[in-house]
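attaching a predicted model along with its sequence, questions to come.
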Amino acid sequence: MSANRKSMLSSAIISRAIRDSFIKLNPKTMAKNPVMFVVEIGTFIVLLLTLFPGYFDTKDDIGFNLTVFLILLFTVLFANFAEALAEGRGKAQADSLKNSKKETSANKLVGGVVKVVPSTELRKGDVVVVAQGEMIPGDGEVIEGLASVDESAITGESAPVIKEAGGDFSSVTGGTKVVSDRIVVRITSDPGESFIDRMISLVEGAKRQKTPNELALNTLLSSLTIIFLIVVVTLGPIAGYLDIDLQIPVLIALLVCLIPTTIGGLLSAIGIAGMDRVTQFNVLAMSGKAVEAAGDINTMILDKTGTITYGNRMASEFLPVGNASIQEVGAWSAISSVRDETPEGRSVLELMKKQLLTFDESIAAGSDFIEFKAETRMSGVDLKDGRKVRKGSVDAVKKWVTAQGGSIPTDLDGGSDSIAREGGTPLAVAVDNRIYGLIYLKDTVKPGMRERFEQLRQMGIKTIMCTGDNPLTAATIAREAGVDDFVAESKPEDKIALIRREQADGKLVAMTGDGTNDAPALAQADVGLAMNSGTIAAKEAANMVDLDSDPSKIIEVVSIGKQLLMTRGALTTFSIANDIAKYFAIIPAMFILAIPEMKALNIMGLGSPLSAILSALIFNAIIIPLLIPLAMKGVAYKPMSASKLLSRNIVIYGLGGIIVPFIGIKLIDLVVHLWI
Ligand SMILES: Nc1ncnc2c1ncn2[C@@H]1O[C@H](COP(=O)(O)OP(=O)(O)OP(=O)(O)O)[C@@H](O)[C@H]1O
Ligand SMILES: [K+]
Ligand SMILES: [Mg+2]
């Protein structure tokens with residue numbers, strides 16, 4: 001799939017798009033796009049006039065009618081081609097996904113016995129065993145074991161990922177392959193509803209629905225079309241009254257030039273291409289609406305650890321407090337970490353080795369493990385002899401020790417503040433009512449963050465960093481990274497409260513998350529980006545999934561959404577401005593014989609009335625394919641505020657839209673006039 005993503009437009013995609021442009025001529029399909037449907041009806045009428053000359057009007061000029069028919073036909077085909085081309089890459093991707101969705105057999109556990117069944121027979125709740133070298137037969141959650149899994153079929157990333165029972169890395173996707181060890185998986189989706197199934201229908205656009213913005217624009221374009229239709233229809237009798245003979249193909253040509261065919265022809269291509277750009281970026285958007293919402297975001301909520309910083313928070317120093325020794329701090333830190341599988345916990349044991357410190361592991365034998373929880377902000381063990389060992393956020397450990405009647409060493413705050421001021425995370429280590437010291441967890445801000453936040457600020461987006469860390473560390477990192485605001489010591493439920501508060505102010509909010517406790521907030525956010533490595537609950541609540549599990553991608557997704565909205569706005573402006581030149585070409589041409597004063601309006605100095613009409617019509621047709629690259633790639637884009645963007649767009653695409661066709665039509669007329 002990744003290979004497909006890279007080859008932009010293969011000849012296979014182009015020839016398929018050409019074929020689809022004809023298939024899309026089906027009036028049932030065309031009717032969904034009112035502007036182009038009107039053109040198609042016009043094309044059909046001109047075809048009749050060409051095929052049956054004299055039947056409707058004795059003065060029919062077959063040559064002229066045939067030419068108009070062909071130009072109109074191409075206008076419709078060009079619009080269809082734009083849409084088909086935009087759909088092309090998704091369809092190719094869907095094909096390769098379908099290929100990877102081969103039926104496999106599954107080792108289903110029935111009453112403790114393995115029974116081999118086809119994967120299509122698996123239902124929600126079934127339990128299967130998957131061993132080394134086998135394909136995971138369906139989406140599910142690991143309930144036992146640990147394995148490395150090759151997920152390249154869906155992510156395009158060749159390095160295998162670790163999946164294990166419990167925690168945030170327990171979800172597996174059907175069609176991916178176990179490369180080592182063995183896991184027991186509980187199936188979480190019924191046939192036809194798996195992640196790959198959803199992905200196929202998403203990328204091939206099978207369920208693509210028009211977004212609210214698109215619907216609104218469509219209504220506007222349809223209204224314009226109806227107005228011009230009325231204008232053109234009433235023009236006939238008025239001209240008749242003035243004794244001017246206007247032929248039907250000329251009136252149809254005028255209508256087609258007046259209605260917004262450029263944007264009408266490119267509108268759906270712009271939407272599809274926007275979604276496709278997100279997909280190329282390895283992010284699955286569940287709807288076009290989600291991508292558009294990304295373009296309208298006012299507030300972005302970001303995690304600190306792993307999003308703004310690298311997130312591999314490593315223990316880098318032990319700091320004794322009171323009269324404890326470094327050996328004691330190290331030993332108790334290690335004992336509290338022997339079963340803590342978080343990166344923080346493992347790094348404590350590594351630091352012990354690095355500093356050549358030792359501890360008596362047998363003390364921890366038979367102890368009860370106290371797992372790290374975001375709610376408690378502590379982890380540790382309860383020893384068999386009754387002693388309780390904890391490490392955790394300084395604030396939490398202080399409360400824990402005080403509750404047991406302990407006192408706080410006077411040099412604790414100084415030590416933790418100096419760690420926090422450097423952007424590090426201080427963890428306090430305690431046994432029962434005594435604090436022994438601090439662990440300095442180091443983490444670094446990812447490079448380039450400040451620039452990215454500056455860009456977001458220029459787009460008018462407020463960034464809020466949310467972290468479970470203490471206020472001083474949070475403030476340091478926030479300053480270093482350049483976020484606008486931060487919330488420290490935040491628990492998972494605080495995130496949803498923050499989102500609601502922003503939304504109550506009328507803001508659209510984007511956030512990322514991966515854990516089950518992020519799911520409600522992901523659902524509440526206007527744009528929720530879940531990590532593919534995250535839990536099923538998070539992925540189902542979100543409206544986007546990042547296959548690479550990189551939370552900082554939300555920044556790019558918002559940029560793509562903005563670019564989509566801008567491209568649509570720019571091409572709409574261009575399309576409507578474009579029509580002005582066409583009035584100047586066609587209207588004088590129509591009336592010039594009866595009203596010679598109309599000559600004054602022929603400011604382009606076009607060769608003859610007929611060549612003027614044909615040139616305007618040809619320009620109207622070819623501008624569609626000429627703008628396909630822009631519609632697909634999106635307009636060039638600099639981060640700036642919405643109002644600045646609007647005025648810049650009006651200048652570039654409005655003025656450009658007025659001037660370009662004057663030049664274009666004139667050039668076409670120079671050629672056309674040679675023939676007629
Ligand atoms: N393994 C651990 N054992 C004990 N305490 C921990 C452990 N990991 C983190 N902590 C403490 O708990 C606090 C909260 O951690 P949590 O992972 O919930 O948030 P965070 O990673 O700091 O913030 P975020 O990921 O939202 O930016 C940390 O700041 C740290 O003080
Ligand atoms: K037009
Ligand atoms: Mg965290």
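That came in fine, so what should we check first? Numbers count the residues shown, from 1 in each chain. Ligands and ions are numbered 1, 2, ... in the order given.

break this protein down into its domains, please.
Residue ranges for the domains of the chain, per the TED database: 11-93+203-279+558-673, 296-308+446-547, 319-437.

mean pLDDT, mean neighbour count and distance to ligand 2 added to these, as a markdown table?
Placement of C-beta: from N, CA and C, glycine included. Formatted as a markdown table, the domains of the chain follow (pLDDT from 0 to 100; neighbours: other Cβ atoms under 10 Å; distance: least, Cβ to the ion, whole Å):
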| stretch | mean pLDDT | mean neighbour count | distance to ligand 2 |
| --- | --- | --- | --- |
| domain 11-93+203-279+558-673 | 88 | 19 | 4 |
| domain 296-308+446-547 | 90 | 21 | 28 |
| domain 319-437 | 95 | 18 | 57 |
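
would CSV of the ones you listed with distance to residue 104 be doable?
Putting the domains of the chain into CSV (distance: least, Cβ to Cβ, whole Å) gives the following:
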stretch, distance to residue 104
domain 11-93+203-279+558-673, 21
domain 296-308+446-547, 20
domain 319-437, 31
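
which residues of the stretch 201-350 of the chain lie near ligand 1?
303, 304, 305, 340, 342, 344, 345 (Cβ under 6 Å from any ligand atom).

look up which residues are beta-bridged to the first one.
On the basis of DSSP bridges, residue 303 takes part in beta bridges with residue 466.

OK, contacts around it?
Residue 303 sits next to 465, 466, 467, 512, 513, 551 when contact means Cβ atoms under 8 Å, 6 or more residues apart in numbering.

gap between it and residue 510?
When distance is defined by Cβ to Cβ, to the nearest Å, residue 303 is 13 Å away from residue 510.

just the fourth one next, same as before
Counting by Cβ to Cβ, the gap between residue 340 and residue 510 amounts to 32 Å.

give me the nearest residue to residue 262, chain neighbours excluded.
Counting by Cβ to Cβ, 6 or more residues apart in numbering, residue 262 lies nearest to residue 575, which is 3.6 Å off, once chain neighbours are set aside.

ok now the strand or helix carrying residue 333, how far from the chain's centre?
Under DSSP states H and E, the secondary-structure element containing residue 333 is helix 326-337. How far helix 326-337 lies from its chain's middle: 45 Å, per Cα atoms, centre = their mean, to the nearest Å.

packing partners for that helix?
Packing partners of helix 326-337 (3 or more Cβ pairs under 8 Å, 6 or more residues apart in numbering; DSSP states H and E): strand 314-320, helix 343-354, strand 378-382, strand 388-393, strand 425-431, strand 434-442.

which residue does the protein bring closest to ligand 1?
For the chain, the residue positioned closest to ligand 1 under Cβ to the nearest ligand atom is residue 468, at a distance of 2.6 Å.

where does that residue land in three-state SS?
Following DSSP: H, G, I helix; E, B strand; the rest coil, the label given to residue 468 is coil.

list the contacts of it.
When contacts are counted by Cβ under 8 Å, 6+ apart, residue 468 is found next to 305, 374, 377, 393, 489, 490, 491.

for it, give me phi and psi.
The phi and psi torsions at residue 468 (degrees, to the nearest 10) take the values phi -80, psi -10.

what's the answer for residue 486, then?
With angles defined as degrees, to the nearest 10, residue 486 shows backbone torsions of phi -150, psi 160.

got the contact list for it?
Neighbour list for residue 486: 304, 464, 465, 466, 467, 474, 475, 477, 478 [criterion: Cβ under 8 Å, 6+ apart].

helix or strand: which one has the residue nearest to residue 262?
Assigned by DSSP H and E, residue 575 belongs to helix 554-591.

now do residue 529
If you go by DSSP H and E, residue 529 is part of strand 527-531.

and that strand, which strands flank it?
Counting by DSSP bridges, the strands paired with strand 527-531 are strand 509-513 (parallel), strand 544-546 (parallel).

that older thread, secondary structure for the contacts of residue 468 - can I get that in CSV?
Below are the contacts of residue 468 laid out as CSV (three-state DSSP):
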residue, secondary structure
305, helix
374, coil
377, coil
393, strand
489, coil
490, coil
491, coil
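
quick check, nearest of those to residue 258?
residue 490 (56.3 Å; Cβ to Cβ).

just give the nearest non-adjacent residue to that closest one, would you?
residue 466 (4.9 Å).

was I right about that neighbour contacting residue 498?
Yes. Because the distance of 6.8 Å satisfies Cβ atoms under 8 Å, residue 466 is recorded as touching residue 498.

now for these two: what residues contact both?
When contacts are counted by Cβ under 8 Å, 6+ apart, residue 466 and residue 498 have 301, 487, 490 as shared neighbours.

around residue 440, count how many other residues there are.
21 (other Cβ atoms under 10 Å).

and it, what's its pLDDT?
For residue 440, the model assigns a pLDDT of 96.

again, but for residue 147
Per-residue pLDDT puts residue 147 at 92.
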